[in-house]
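>>> no sequence for this one, just the structure:
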């Protein structure tokens, strides 16, 4: 099977020749710096390190709503506006056509290899929790549900129109196997907002965008860190079909999710914090995941970026085990 066909088969609950062997998240700079010092190449193209370590290529196009000319936050988590007047002033740098054109140009450049099956494709759109938080900043955003509800709706209305414009341009030329809404709306104890706020400020906008994706045959997932399990019924109501990264440190259990949600798509779930402990620990983690791997609709991968305490040699051992268990899962 080609990389594309293999990935698509798993997402649709079909049996492939083996599971995909991918790293869904690009690596931290510190990790790549360490590996370069140990003889690995720099990531000069979309597949450089994937090919070097023997992973299946997975290419992502990310389309965000902030374009050139937008101010940078003063520090990580800070906002760039406080009210509707400032949002009005910032509109020229938001939702720019150049962002759509750039995504389309990348899609055109990657189209031939994707159609040939060389790699699976993944589209990310910024979601209705993520994007207002980028504008307001982390803490003010949580207050904005109550202090600026009209502006929150306006932001998500504008983002919905932009995302639909992206899909109208992109999908006729490039149909990714799956997409994610970037959200990060959960932490280690659960969701960062109530179901009532989700229903009012997010659900209506998902229900506008998701049908366009499903019409094109794209599987719809959500990217949210932390303990996602309480949110799965919320997402399913919106039409979302799966989630990544399934962080083990937050208590997420892919086997429990599979028992409770047999059709749910999962990507990630492999505990990154044990990788530095060596091959025996890494094998034990694959054994923990094996029931979910055998159940279908699950692509095992590191549950976020591989940390810099993992040497290039240990990472090669991880990839070798990943291939071993990717085959064992379909026996």
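Great, that's in hand. Worth saying up front: this structure is predicted, and the values here are computed from it rather than measured. Numbering: from 1, shown residues only.
>>> Quick one: distance of the helix or strand hosting residue 10 to the chain centre.
For residue 10, the host element (DSSP states H and E) is helix 3-11. Remark: helix 3-11 is offset 17 Å from the chain centroid, using C-alpha atoms, centre = their mean, to the nearest Å.
>>> Only the buried residues of it, if you could.
Using 16 or more other C-beta atoms under 10 Å as the test for burial, helix 3-11 gives 3-4, 6-11. No exception for glycine: its C-beta is placed from N, CA and C like everyone else's.
>>> Give me the contacts around that helix.
1, 15-20, 22, 56-58, 114, 117-121, 177-178, 219, 242, 265, 296-299 (C-beta atoms under 8 Å, 6 or more residues apart in numbering).
>>> mean confidence for that helix?
Mean per-residue pLDDT for helix 3-11: 98.
>>> again, but for stretch 250-269
On average, the pLDDT along stretch 250-269 is 97.
>>> Over to stretch 230-237?
Stretch 230-237 shows a mean pLDDT of 98.
>>> So which elements touch the strand or helix carrying residue 49?
Per DSSP H and E: residue 49 is located in helix 48-53. The contact analysis (3 or more C-beta pairs under 8 Å, 6 or more residues apart in numbering; DSSP states H and E) places helix 48-53 against helix 312-328.
>>> need the contact list for the closest residue to residue 192 other than its chain neighbours.
Closest residue to residue 192 apart from its sequence neighbours, by C-beta to C-beta, 6 or more residues apart in numbering: residue 185 at 5.2 Å. Neighbour list for residue 185: 129-130, 191-193, 224, 231 [criterion: C-beta under 8 Å, 6+ apart].
>>> Show me those that map onto strands.
Residues from the contacts of residue 185 lying in strands, with DSSP state E as the criterion: residue 191.
>>> Closest one of the contacts of residue 185 to residue 71?
The nearest member of these to residue 71, counting by C-beta to C-beta, is residue 130 at 18.0 Å.
>>> for the closest one, what are its contacts?
Contacts of residue 130 (C-beta under 8 Å, 6+ apart): 181-185.
>>> Tell me the buried residues in stretch 49-61?
Going by neighbour count (16+ other C-beta under 10 Å), the buried part of stretch 49-61 is 49-50, 52-53, 55-61.
>>> cool, stretch 322-331 as well?
Neighbour counts using 16+ other C-beta under 10 Å place 322-323, 325-326, 329 of stretch 322-331 among the buried residues.
>>> so how far is stretch 127-139 off the chain centroid?
With C-alpha atoms, centre = their mean as the basis, stretch 127-139 stands 17 Å off its chain's centre.
>>> on that earlier part again, ok, and the most crowded of the contacts of residue 185?
Among the contacts of residue 185, residue 224 has the most neighbours (other C-beta atoms under 10 Å), with 27 neighbours.
>>> mind listing what that residue touches?
Going by C-beta under 8 Å, 6+ apart, residue 224 touches 183-186, 231, 243.
>>> okay if I get those residues as JSON lines plus secondary structure?
Output for these, formatted as JSON lines (DSSP: H, G, I helix; E, B strand; the rest coil):
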{"residue": "183", "secondary structure": "coil"}
{"residue": "184", "secondary structure": "coil"}
{"residue": "185", "secondary structure": "coil"}
{"residue": "186", "secondary structure": "strand"}
{"residue": "231", "secondary structure": "helix"}
{"residue": "243", "secondary structure": "strand"}
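>>> Would you format those residues as TSV with distance to residue 200 included?
Putting these into TSV (distance: C-beta to C-beta, whole Å) gives the following:
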residue	distance to residue 200
183	16
184	19
185	14
186	18
231	16
243	22
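>>> from these, which single one is nearest residue 77?
Closest approach to residue 77 among the contacts of residue 224 (C-beta to C-beta): residue 184, at 11.7 Å.
>>> Just to check, the closest one is in contact with residue 129?
Yes. The pair formed by residue 184 and residue 129 meets the contact definition of C-beta atoms under 8 Å, at 7.4 Å.
>>> how near is the residue nearest to the spatial centre of the chain to residue 25?
With distances taken as C-alpha atoms, centre = their mean, the residue of the chain nearest its centroid is residue 223 (4.3 Å). Residue 223 is 9 Å from residue 25, where distance means C-beta to C-beta, to the nearest Å.
>>> any residues in contact with both of the two?
Contact with both residue 223 and residue 25 is made by residues residue 245, according to C-beta under 8 Å, 6+ apart.
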